[in-house]
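> let me see the structure of the following:
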Amino acid sequence: MNAHSSGARRHGRVIDYDDAAGYGTVTDGDGVWFFHCTAIADGSRHIDDGTDVAFVLRPGHLGRWEARDVQPG
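Residues are numbered from 1 along each chain as shown. Next comes the predicted model:
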């Protein structure tokens, strides 16, 4: 098991989020991670740039690691 697949909650910040496209990126010091609007935990489908967040990493549809269960805080 590698560090990405441990399921541990990570803390980072939203770098950018594009409402029209429905995706963004978050960084946690270990990397920059893609996330889709459906990964925002409260179902709002919007999150502001610069928001501090907690998230988990999971393998995505394109074979790359993605942020999931993205929650402000």
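> ok, which stretches of the protein are strands?
Counting by DSSP state E, the chain has strands at residues 10-18, 23-27, 32-36, 52-59, 65-72.
> for the second one, the distance to its chain's centre please.
Counting by Cα atoms, centre = their mean, to the nearest Å, strand 23-27 is centred 6 Å from the centre of its parent chain.
> ok, back up a step: output the strands of the chain in a markdown table; the columns should cover mean pLDDT and mean neighbour count.
Glycine gets a C-beta too; all of them are placed from N, C-alpha and C. Shown next, in a markdown table, are the strands of the chain (pLDDT from 0 to 100; neighbours: other Cβ atoms under 10 Å):
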| stretch | mean pLDDT | mean neighbour count |
| --- | --- | --- |
| strand 10-18 | 98 | 16 |
| strand 23-27 | 98 | 20 |
| strand 32-36 | 97 | 18 |
| strand 52-59 | 97 | 18 |
| strand 65-72 | 97 | 19 |
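> ok, which of those strands comes nearest residue 44?
Evaluated over those, closeness to residue 44 peaks at strand 65-72, with 9.8 Å, by Cβ to Cβ.
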